[in-house]
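> All I have is the shape, not the residue letters:
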């Protein structure tokens, strides 16, 4: 090989080396940008999942409160109805004490016969 060819070969090798170095730098920058994008995407997904979980928890708590309120209303209605029946029974006993005693005696006998068997 002549000296000119050797210089040209060296020059080509240098250019190729520079190009390869630039390509490596480009790839490293792309990888760093990709890592940053993935980290950002991960944070966005975490935020969205957290918001969705918070919204679900709020809906669940609202439903539980509604059911508790409805349960208290049913309890109060049943208590009121029971008090009404109690008042009616007391009034019937005061109006007809003899009948009330006979009913209680009959009921007691009935239970006695049932428990014998």
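Noted; the coordinates are in hand. Nothing here was measured: the structure is a model prediction, and the numbers come from that model.

> Where does the prediction get shaky in the protein?
1-2, 5-11, 13-23, 117 (pLDDT under 70).

> switch to 80 and redo it
1-27, 117 (pLDDT under 80).

> By residue count, which helix of it is the longest?
Ranked by residue count, the top helix of the chain under DSSP state H comes out as helix 3-95.

> so how far is that one from its chain's centroid?
In terms of CA atoms, centre = their mean, to the nearest Å, the centre of helix 3-95 is set 11 Å apart from its chain centre.

> so the helix or strand that that helix is followed by versus helix 3-95, what angle?
Note on helix 3-95: by DSSP states H and E, the next helix or strand toward the C-terminus is helix 97-116. Here helix 97-116 points in a direction 120 degrees away from that of helix 3-95 (axes from the mean of the first three to the mean of the last three CA atoms, to 10 degrees).

> which residues touch helix 97-116?
The contact list for helix 97-116 (CB atoms under 8 Å, 6 or more residues apart in numbering) reads 92-93. The C-beta positions use only the backbone N, C-alpha and C, and glycine is treated the same way.

> Kindly report the same for stretch 24-41.
Contacts for stretch 24-41 (CB under 8 Å, 6+ apart): none.
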